[in-house]
Structure formats: C-alpha cells, structure tokens
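Undergrad: show me the folded form of this:
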Amino acid sequence: MKSDTHKRARLRLDERLQALQPIDRFRAPPKGWVRALRDALGMTGAQLGARIGVRPQTIESIEKSEAAGTIQLNTLRRAAEALDCTLVYALVPNSSLQAVVEARARKIAIRELQRVAHTMRLEAQGTENADFEARVQAYIRDKLSERDLWNET
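TA: Modelled structure (predicted):
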C-alpha cells in the first residue's frame, strides 16, 4: 500500500531530522556564518576573496547577502569551501512529519464533518456530539487519502 510506504519514509526522515533538534543551535550569527568564521579565523575579506577568486568587495557583498538571507546556495558553498568548511543544508520540520500529516487530516475531517452536521441541523437531523471523535477517525481512515491532504490550503 502506497500510504504505508509514505508513512515509513516520513518516520525514517523524522528519525534522521530529530538529531537537528532543537534548531536554535543552528541559527546563523547576526552577521552570518561567513563573516563569523572569517573573523574567528583572523582572515581578511581580501584574503577570503583571494581564496575564492573574487574581489574583496564581492566578499563584502556575499557577507551582506548571507546576513539578509538572499545568498545563493552555490555562492555559500564556495565560501564554505574557501573557509575549509562544509555547507550543510536541511529543511527541518517544526514538528514531526507524521504529526503534520495527522494534523492536516484531522483538520480536513473536522471541517467536512462540521459542514455535514450543519446541513443536517438545518434539516433537523442533528447528530450527537458524543461520537464526534470516532467519526473524525472514521472519516480519516475511510475517506481521506494522503494525496487529498494537500489539494488546498
């Protein structure tokens, strides 16, 4: 079953990404990593520029663009290599991927069930709230596929 494959992939990624938590440890210094590392090494902008093969003014531009969040990954990779570093790039979810999928499915199920309940109330066929959680779980299990979760915002 395809959703089982996706679930296993999510769980494997969640496990791998767990090592990156908490992400606060990886926040860039205020002036950016390039500037922080260059300064810590006692390297001038001209010296770094020579190592990359660019003018010192370009190093200043690189450092400013990194601090502003507009630097290109390729440029950052070249700067990292010139500083004898490895660029590490990752997208780290704010919660587990499995939790994101479950929350999204729950949101859709609740929205759809509330819409149906509203229509039934208008027709004087209200349903009991007591079994609402069971109906949410049944809706997720029986009606939703993973592909449906991301069709809308």
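Undergrad: quick one: distance of the helix or strand of the chain at the bottom of the mean pLDDT ranking to the chain centre.
TA: Scoring the helices and strands of the chain by mean pLDDT, DSSP states H and E places helix 97-122 at the bottom, with a mean of 82. In terms of CA atoms, centre = their mean, to the nearest Å, the centre of helix 97-122 is found 24 Å from the chain centre.
Undergrad: and whatever helix or strand comes next after that helix, what does it pack onto?
TA: As assigned by DSSP states H and E, the chain's next helix or strand after helix 97-122 is helix 132-143. Judged by 3 or more CB pairs under 8 Å, 6 or more residues apart in numbering; DSSP states H and E, helix 132-143 is in contact with helix 97-122. Bear in mind the C-beta positions are built from the backbone N, C-alpha and C, glycine included.
Undergrad: what are the buried residues along the helix it packs on?
TA: Leu97, Val101, Arg104, Ala105, Arg106, Ile108, Ala109, Ile110, Leu113, Ala117 (16 or more other CB atoms under 10 Å).
Undergrad: quick one: contacts for Leu41?
TA: The contact partners of Leu41, by CB atoms under 8 Å, 6 or more residues apart in numbering, come to Leu83.
Undergrad: host element of the closest residue to Trp33 other than its chain neighbours?
TA: Excluding its sequence neighbours, the residue lying closest to Trp33 (CB to CB, 6 or more residues apart in numbering) is Glu66, at 6.8 Å. Assessed by DSSP H and E, Glu66 sits inside helix 56-68.
Undergrad: what lies in contact with that helix?
TA: Contacts for helix 56-68 (CB under 8 Å, 6+ apart): 28, 30-35, 38, 44-46, 48-49, 52, 54, 71, 75-76, 79.
Undergrad: now do 6 Å
TA: Residues from elsewhere that reach helix 56-68 (CB atoms under 6 Å, 6 or more residues apart in numbering): Lys31, Gly32, Val34, Arg35, Gly45, Ala46, Leu48, Gly49, Ile71, Ala79.
Undergrad: in helices, which of those residues fall?
TA: Val34, Arg35, Gly45, Ala46, Leu48, Gly49, Ala79 (DSSP state H).
Undergrad: how's this protein carved up into domains?
TA: Domains of the chain are assigned by automatic domain parsing as 21-82, 97-150.
Undergrad: what mean pLDDT does the longest one have?
TA: Right, domain 21-82. What domain 21-82 shows for mean pLDDT is 95.
Undergrad: do me a favour and get the end-to-end distance for it?
TA: Chord length of domain 21-82, first to last residue, is 28 Å (CA to CA, to the nearest Å).
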